[in-house]
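Colleague: Turn this into a structure:
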Amino acid sequence: MNYDARVNQRQPARPLAMLTRAVRLRCPACGAGAMFRSWFALHPRCSACGLAFERDEAEEYWLGAFLLNFIVTEVVFALLLGVVLVATWPSPPWRLIMIGGAAQMIVTPIVFYPFAKALWLAVDLVFRPAKESDY
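Modeller: A predicted model of the protein is given here:
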């Protein structure tokens, strides 16, 4: 299917729809194609609409996704630390907190990795809609 046919078939997606599709690890533009071959391997294009998942500046493009992943990791750590401190005050288990915190700081970015990339692409598409060169 050529670009013109895809554009004529596709209705512009609302931002919430794009974010919902991204959380499901589907193409934010159409919701039909899977974004990932495996947990860490991104498909080059959507199998349904042909949208290129790598946009413009290929190497620097994903810095926003990495920042999002870092922010989520830190927020999860802060929330867990707060819950543990409130639950165990006045004698928090500091050794357990350090070991658990280190484990959480390793596991969370791995688990959130594909979601960060998908959400970053969806946010980018909200602010910079896909153009002909993206297909």
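Colleague: Only C-alpha atoms from now on, for both contacts and neighbour counts.
Modeller: Noted.
Colleague: which helices and strands does the helix ranked longest in the chain pack with?
Modeller: What stands out as the longest helix in the chain, according to DSSP state H, is helix 94-127. With contacts taken as 3 or more C-alpha pairs under 8 Å, 6 or more residues apart in numbering; DSSP states H and E, helix 94-127 sits against helix 15-23, helix 63-88.
Colleague: Of all the residues in the first one, which ones are buried?
Modeller: Of the residues in helix 15-23, those buried by neighbour count under the rule 16 or more other C-alpha atoms under 10 Å are 15, 18-23.
Colleague: contacts for stretch 89-103?
Modeller: With C-alpha atoms under 8 Å, 6 or more residues apart in numbering as the test, stretch 89-103 has contacts from 77, 81, 84-85.
Colleague: if you skip the residues just before and after it, what's nearest to L85?
Modeller: P92 (5.9 Å; C-alpha to C-alpha, 6 or more residues apart in numbering).
Colleague: Could you save the helices and strands packed on helix 94-127 as CSV and add columns showing distance to L42?
Modeller: CSV is the format used below for the helices and strands packed on helix 94-127 (distance: least, C-alpha to C-alpha, whole Å):
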stretch, distance to L42
helix 15-23, 13
helix 63-88, 13
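Colleague: for the chain, which spans come out with low pLDDT?
Modeller: By pLDDT under 70, the weakly predicted segments of the chain are 1-12, 58.
Colleague: Closest to the centroid, which residue in it?
Modeller: A116 (2.2 Å; C-alpha atoms, centre = their mean).
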